[in-house]
Structures are given as C-alpha cells and as structure tokens.
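>>> Sequence first, predicted coordinates after that:
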Amino acid sequence: HQQHQQLLVVSSACTHVAVELGGLEGKVPGMALEWEEREKELMKLVLNHSFNTHSRELTTWMEDTLRDLSVVQGDLGSSLDTAEDLLMEHEEFQIRAKRVAGEVEFLLNRSNKFLQSPQASPVHSSAFKQQAKQLQNLLDRFQEQVSNRQKMLVKSVAFFQNAAKLHSDIDSAV
C-alpha cells in the first residue's frame, strides 16, 4: 500500500514535469530567438565600446602630438648639426606616427565593415559614422602636419648645407 502511494506520487510528479516540459517546448524556440537577439545586442555594445576606447586613445595621442608639433614647428635648428639632429628625431617619430596611422586605418576599416553588416542598427550607424568621420579628419590633419614638419626640416638642413658651402666658396675665393 505504501509503495503504491509512493508510485502514485512519483507518477503524479512525472506527469506534472511532463506537462511543464510540454509547456516549455513551445517556448524554447522563442527563448532561443530572444537569447540570439540579446547576444547580437551585446556584440554591438562590445564593438561600440571597443571602437570608442581605441578611438579615444588614438585621438588623444594624435591631438597631444599635434599640440607638441605646433610648439616645435618654428624650431628648425640653429646650425647644420642641430637641423640634422631634429630631422633624425623627426624621422624616428614618423615610424611611430605611421604605426598609429595604421591603427586608425584598421579601426576605420573595422567600423566600416560593422556598418555594412546586418548587426548594425540605425542608432549605432549614425554615431559610428560621425565618430569615424571625426577620426578620419583628425588623421588627415595629423598626417599633413607630420609631413609639413618633415619638409620644413629637410629645407632647413638644405639651407644650412648651402650656407656652409657658400661660406666655404667665399673663403676659397678670398
């Protein structure tokens, strides 16, 4: 009798579990879609955060460097030796600048791929496009200033070389 009651309780519990599982079966596809949507939204947020973080780091470095370049823009050396030293320092700096430009290009390409993907929502797209455009404009300005500094230093070296040659020619003529 006691075993019979236990079997009835177990049977009732099994029936209850089967009914609950049957109810869940209808909900599983919907829950799976909901989790997929949540995963996609999380990926958008991760990409957005990653883009913002990298963009902010690169922007800060380029803006700081542009400020530094504007401070030293007029320093072209006071002799051939100092002009050559400045040119050499600038050429070493250009290696870092090219690496940063490559990082910016990579980041911009990645954001463009994201914008063209089905995961991109109009809300994210507008903000991404605006931020990418600002980053591209800053990169263009940065590269122009670095290039201008290079040209000015090359001209400064040439000036001091010509001055030294002229001084030598004058000494020879006298």
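The structure has been received and is ready for your questions.

>>> Chain neighbours aside, what residue packs nearest to K155?
Closest residue to K155 apart from its sequence neighbours, by CB to CB, 6 or more residues apart in numbering: L76 at 7.9 Å. (Glycine included, C-beta is placed from N, CA and C.)

>>> With L135 instead?
Leaving out its chain neighbours, L135 is closest to S55 (CB to CB, 6+ apart), at 5.5 Å.

>>> give me the number of residues near that neighbour?
20 (other CB atoms under 10 Å).

>>> Next secondary structure after the host helix or strand of it?
Assigned by DSSP states H and E, S55 belongs to helix 2-72. Once helix 2-72 ends, the next helix or strand along the chain (criterion: DSSP H and E) is helix 80-116.

>>> could you give me the average pLDDT of that following helix?
Average pLDDT, helix 80-116: 90.

>>> Any stretches of the protein with poor pLDDT?
Within the chain, the ranges that satisfy pLDDT under 70 run 1, 3-4, 21-29, 31, 123-124.

>>> Let's see that with 90 instead.
Scanning the chain for pLDDT under 90 picks out 1-56, 66-75, 107-132, 167-169, 171-174.

>>> What sits closest to G77 if chain neighbours are left out?
A83 (3.1 Å).

>>> Hmm, V157 and the one you found touching each other?
Yes - under the criterion of CB atoms under 8 Å, A83 makes contact with V157 at 4.7 Å.

>>> what is in contact with the two at once?
Residues touching both A83 and V157 (CB atoms under 8 Å, 6 or more residues apart in numbering) are G77.

>>> which residues touch the residue nearest to L135?
Residues near S55 by CB under 8 Å, 6+ apart: L107, Q131, L135.

>>> Contact partners for the last one?
Yep, that's L135 we're talking about. Applying CB under 8 Å, 6+ apart to L135 gives the contacts S55, L58, T59, V104, L107, L108.

>>> mind checking the SS state of it?
Under the three-state scheme (DSSP: H, G, I helix; E, B strand; the rest coil), L135 adopts helix.

>>> ok and whichever strand or helix holds N148 relative to helix 2-72, angle-wise?
Using DSSP H and E, N148 falls within helix 122-173. Relative orientation of helix 122-173 and helix 2-72, computed by axes from the mean of the first three to the mean of the last three CA atoms, to 10 degrees: 30 degrees.
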